[in-house]
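Participant: What follows is a protein structure lacking sequence information:
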């Protein structure tokens with residue numbers, strides 16, 4: 001939910017184009033899963049990419065800076081990966097990959 005909420009926040013100020021939020025899941029062989037959340041929001045400032053998963057880092061005026069840090073911690077503890085890249089032509093893409101139980 002954190003990725004979806006962040007995507008909605010990122011699109012809140014977009015008025016000059018369509019606001020699009022896409023959530024996809026896919027099965028990965030042999031038994032993993034990937035979840036991708038993509039938005040057409042303001043995107044991630046390249047100067048913030050290295051810090052965005054750090055605890056207490058936020059660009060939101062009322063943010064605590066814990067959401068992405070907690071997400072990464074949970075995903076890491078389950079043996080998964082969390083990645084992010086710029087959307088095309090706007091926004092951001094977050095992808096979570098989790099291994100299966102096998």
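Facilitator: Good, I have the coordinates. Quick caveat: nothing in here was measured; it's all calculated off a predicted structure.

Participant: what number of residues lie near residue 49?
Facilitator: Counted with other Cβ atoms under 10 Å, the neighbours of residue 49 add up to 12. Every residue, glycine included, has its C-beta placed from N, CA and C.

Participant: Please tell me how far it sits from residue 33.
Facilitator: Distance, residue 49 to residue 33, using Cβ to Cβ, to the nearest Å: 25 Å.

Participant: for residue 55, same thing?
Facilitator: Between residue 55 and residue 33 the distance is 26 Å, computed by Cβ to Cβ.

Participant: Does the spatially closest residue to residue 52 that is not a sequence neighbour belong to a helix, a strand or coil?
Facilitator: Nearest residue to residue 52, sequence neighbours excluded (Cβ to Cβ, 6 or more residues apart in numbering): residue 68, at 5.9 Å. Assigned by DSSP: H, G, I helix; E, B strand; the rest coil, the conformation of residue 68 is helix.
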